[in-house]
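Visitor: Give me a model of this one.
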Amino acid sequence: TVSGRDSINEWVPISCLDWKKDSVYLDNSAIDNFLIKCEVFNYQSNQPLYLDNFCIHKRYKINTTINISTAGFITMSNVNGIYDDGSTATITAKSLGNCYQFVNWTENGIIVSTSPTYTFVVNKNRNIVANFTFAQIPHPNTICFNIEDSTYNSILSESRLNNFSLVNVSGCANIGNKALKYDNSIPSFNFNSGSYYNMNPFYLPSFKLDSVYSAYLTFNRAYKQGSVGSRLYLRFDVIDGCDSTPKFAYYKFNDNLANVTGRDSVNVWSPTSCLQWQKDSIYLTNYQGKNNILMKCTIFNNGYTGNQPLYLDDFCIHKRYRIIGSINPSSVASITYSNSNGIYDENSNATITATPYTYSCHVFKNWTENGIVVSTNPSYTFNVTKNRNLVANFERSYFNVALLSTPSNTGTVTGSGTFACDSTIKVIAHPNY
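Guide: Next comes the predicted model:
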């Protein structure tokens, strides 16, 4: 768009299209006072250059961090976090999964926003922290998943449940009249350094173990061994939770149930008696303190190709808490628990007893928790709903010492009073002569 020029008719820009906007980055410009020198070098005669509208554009860096590195991630409207002075920046904090929830943005410890998306005008370098906390996910205190419950439909609707069916089971009121039935439809799968076969998994609804000491899973199952050497294996995996390290509780069984009638490939066995159901348990370790846990159950078959059904029902997560007792002052008494290890199922009753040692010279005063008196009885019974640290407080015994002279007119005695156990006292007899 620029017209021709020669040595006589010098070119002059007459159109906006003849001008070009250029930019030069100023490195190491973080100083208080600087001067820029511009020089033009020309290797030909009469080659005009026109310059206009010099502007210094200040730019700032927005740095972001997360207080819990595994809680989530941050996105920025400008991916490198560098913005022109006076421009608008938007930063957004998002949680990973549903284990954590956003709390606020802070700068130098001061809250600047409580919204996950924070928009502001850039006029300085900033260091902003996205703060997360554990999500408070509501769950019932008793975590039991009955196959019959409508809430269990979320499990049955899993697309990978094609090996399971919901079947009627009669005669056992404690397990209801329905159960999950597994039938062999077994693709090849290598597991545990051997040739095993697995079915598609099913999932227990999510639950939380936010402040427990430990927990265990119980469930009812009925299984008839098909042939010698034929076994079914159960594996429970935590596939989604607040711990990024995968963990699993592995369980297997191989037994003949009592009172089970014979079965063959035509007449598939099904449980008809409560005696054919067994209650099993699996301890869940290293899950305490987690707010959201999703468990996947997978069944493995070690090669038996016949129809080998397995029935499962009534999954329950049992939370357990620990009661810790201590003595103040130490070494003057002993503590016993109604459960010898001090670990109790949730909502069970616990009794903790403090007994002074013989000749300890101390008597029981009270039980305290965080400095607050909770009982004045040496045996304290309560319902267990949380981990507790209880202190049995003792105080020194005191005795009254009364002195008499007999016959009464023969003299006097001194040194009577109230004295601490195990202290030394002095008594003196003064005869009247």
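Visitor: got a list of what K61 touches?
Guide: Residues in contact with K61 (C-beta atoms under 8 Å, 6 or more residues apart in numbering) are 81-82, 125. (Each C-beta comes from the backbone N, C-alpha and C, glycine too.)
Visitor: do you know how far the spatially closest residue to C361 that is not a sequence neighbour is from P356?
Guide: Distance criterion C-beta to C-beta, 6 or more residues apart in numbering; nearest residue to C361, sequence neighbours excluded, is C421 at 3.5 Å. C421 sits 11 Å away from P356, going by C-beta to C-beta, to the nearest Å.
Visitor: still on that earlier bit, which among the contacts of K61 count as buried?
Guide: Buried residues within those, counting neighbours by 16 or more other C-beta atoms under 10 Å: G81.
Visitor: Out of the contacts of K61, which sit inside strands?
Guide: I82 (DSSP state E).
Visitor: Next, the buried residues of stretch 31-50.
Guide: So stretch 31-50, judged by 16+ other C-beta under 10 Å, has zero buried residues.
Visitor: Now do the end-to-end distance for that stretch.
Guide: Start-to-end span of stretch 31-50 (C-alpha to C-alpha, to the nearest Å) is 30 Å.
Visitor: what about the stretch 201-350 of the chain, any weak spots by pLDDT?
Guide: In the predicted model, the stretch 201-350 of the chain carries pLDDT under 70 at residues 206, 224-232, 239-247, 253-269, 285-292, 301-308.
Visitor: Do you have the strands of it handy? List them.
Guide: For the stretch 201-350 of the chain, the strands defined by DSSP state E, counting those that start in this stretch cover 202-209, 214-223, 232-241, 247-253, 278-284, 290-301, 310-328, 333-337, 343-345, 349-356.
Visitor: With the stretch 1-150 of the chain instead?
Guide: Remark: strands assigned in the stretch 1-150 of the chain by DSSP E, counting those that start in this stretch are 59-66, 72-76, 82-84, 88-95, 100-107, 110-113, 117-121, 126-134, 143-145.
Visitor: Report the angle between the first one and strand 117-121.
Guide: Think strand 59-66. Here strand 59-66 runs at an angle of 160 degrees relative to strand 117-121 (axes from the mean of the first three to the mean of the last three C-alpha atoms, to 10 degrees).
Visitor: got the CA positions of strand 59-66 in PDB?
Guide: What follows is strand 59-66, C-alpha atoms only, in PDB (Å, rounded to 0.1, in the frame of the first residue of the first chain):
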ATOM      1  CA  ARG A  59       3.400  -5.700  32.600                       C
ATOM      2  CA  TYR A  60       2.800  -7.700  35.800                       C
ATOM      3  CA  LYS A  61       3.000 -11.300  36.800                       C
ATOM      4  CA  ILE A  62       0.300 -13.000  38.700                       C
ATOM      5  CA  ASN A  63       1.600 -16.100  40.700                       C
ATOM      6  CA  THR A  64      -0.900 -18.600  42.100                       C
ATOM      7  CA  THR A  65      -0.500 -21.500  44.500                       C
ATOM      8  CA  ILE A  66      -2.700 -24.100  46.300                       C
END
